[in-house]
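S.K.: Sequence first, predicted coordinates after that:
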Amino acid sequence: MTDAVDTATTPVSGTESATSQAVTTEQQSAVTEQGQQQAQQQQQEQQAAAPVVPEAYAFANLPEGYTVSDEQLAAFSPVLKELNLTQEQADKLVAFDAQRQLAAAEAGQQQAVELRNKQVGEWETALRNDAAFGGANFDANVATAQKALADFGTPELTTMLKESGLGSHPEVVRFFHKVGQQLAEGKLHRTTTEVPKPDISLIDAFR
């Protein structure tokens, strides 16, 4: 029994201890190398997944009616870079802004047309209800004003009156009506030999 105990508790030899240490060192080296490889692989994957931020953004395919000036591009490019946006992401952002601005502009134009038409309608109603100009004499008075415009006006003036709606403004119509009356009484004469165009008119043609 004593021999067995002595044998079991006898220290290992120097050769066995050195071999064990070598194995441990090799294992540690393998683990370290494996860890470095994993870290390098993760770094490569992160670099591959990182967004590619261009040196300079360029927007070539902009929607019709939407423009980006050089000054605007210089102003918001630093913001795009700060957000690490790729060119594709920046394109989506610009497309969204273009859609928003174009929709707002279209809505503004529609509102302006509606306001113009409303104002023109109010002016026409005021003339029709005017005791001196409207009533039963409305059509005849408008015809007199139309003749004055045909005699003294120009195509450019007609276009302006039509586009602005001012051809229905009571004061404008009254002015041309007075001129027409002066023509009818022989107090004014046309400065052109051209025959007045019958379709040039105040009020109805300018709607």
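M.R.: Thanks, I have the structure now.
S.K.: Pick out the residue closest to the middle of the chain.
M.R.: Centroid-nearest residue in the chain: residue 101, 2.6 Å away (criterion: C-alpha atoms, centre = their mean).
S.K.: Return the residues in contact with that residue.
M.R.: residue 66 (C-beta atoms under 8 Å, 6 or more residues apart in numbering). (Glycine included, C-beta is placed from N, CA and C.)
S.K.: so how far is residue 75 from it?
M.R.: 16 Å (C-beta to C-beta, to the nearest Å).
S.K.: same thing with residue 117?
M.R.: Plainly put, residue 117 is 38 Å away from residue 75 if you go by C-beta to C-beta.
S.K.: Repeat that for residue 119.
M.R.: 38 Å.
S.K.: These two: which has the busier surroundings?
M.R.: residue 119 (14 against 10; other C-beta atoms under 10 Å).
S.K.: so the closest residue to residue 56 other than its chain neighbours is in which element?
M.R.: In this structure, residue 56 finds its nearest non-sequential neighbour in residue 77, 7.1 Å apart by C-beta to C-beta, 6 or more residues apart in numbering. Under the criterion of DSSP states H and E, residue 77 resides in helix 70-82.
S.K.: where does the closest residue to residue 181 other than its chain neighbours land on pLDDT?
M.R.: Spatially, and ignoring its direct neighbours in sequence, residue 181 is nearest to residue 144 (6.2 Å; C-beta to C-beta, 6+ apart). The model reports residue 144 with a pLDDT of 94.
S.K.: isn't residue 144 right next to residue 184, touching?
M.R.: Yes: with contacts counted by C-beta atoms under 8 Å, residue 144 reaches residue 184, the gap being 6.9 Å.
S.K.: Those two - which one has more neighbours?
M.R.: Between residue 144 and residue 184, residue 144 has the larger neighbour count (other C-beta under 10 Å), namely 20 against 12.
S.K.: Can you name the residues that contact the more buried one?
M.R.: Contacts of residue 144 by C-beta under 8 Å, 6+ apart are 176-177, 180-181, 184.
S.K.: of the residues you listed, closest to residue 59?
M.R.: Comparing those against residue 59 with C-beta to C-beta places residue 176 closest, at 50.2 Å.
S.K.: Show me how this structure divides into domains.
M.R.: Per automatic domain parsing, the domain ranges recorded for the chain read 12-49, 51-119, 130-206.
S.K.: how far does the last one sit from the chain's center?
M.R.: Right, domain 130-206. Relative to the centre of its chain, domain 130-206 is centred 41 Å away, using C-alpha atoms, centre = their mean, to the nearest Å.
S.K.: can you pull out the helices in this protein?
M.R.: 2-8, 14-49, 70-82, 87-129, 138-152, 155-164, 170-184 (DSSP state H).
S.K.: per-residue confidence averaged over the shortest one?
M.R.: Mean pLDDT, helix 2-8: 50.
S.K.: May I have the helix holding residue 77 as CSV, with CA atoms only?
M.R.: Only the C-alpha atoms of helix 70-82 are listed here, as CSV (Å, rounded to 0.1, in the frame of the first residue of the first chain):
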residue,chain,number,x,y,z
ASP,A,70,-24.3,75.2,-57.5
GLU,A,71,-24.9,77.4,-54.5
GLN,A,72,-27.6,75.0,-53.1
LEU,A,73,-25.4,72.0,-53.7
ALA,A,74,-22.5,73.7,-51.9
ALA,A,75,-24.8,74.5,-49.0
PHE,A,76,-26.3,71.1,-48.3
SER,A,77,-23.4,68.8,-49.4
PRO,A,78,-21.6,69.1,-46.0
VAL,A,79,-24.9,68.1,-44.3
LEU,A,80,-25.2,65.0,-46.6
LYS,A,81,-21.6,64.1,-45.8
GLU,A,82,-22.2,64.5,-42.1
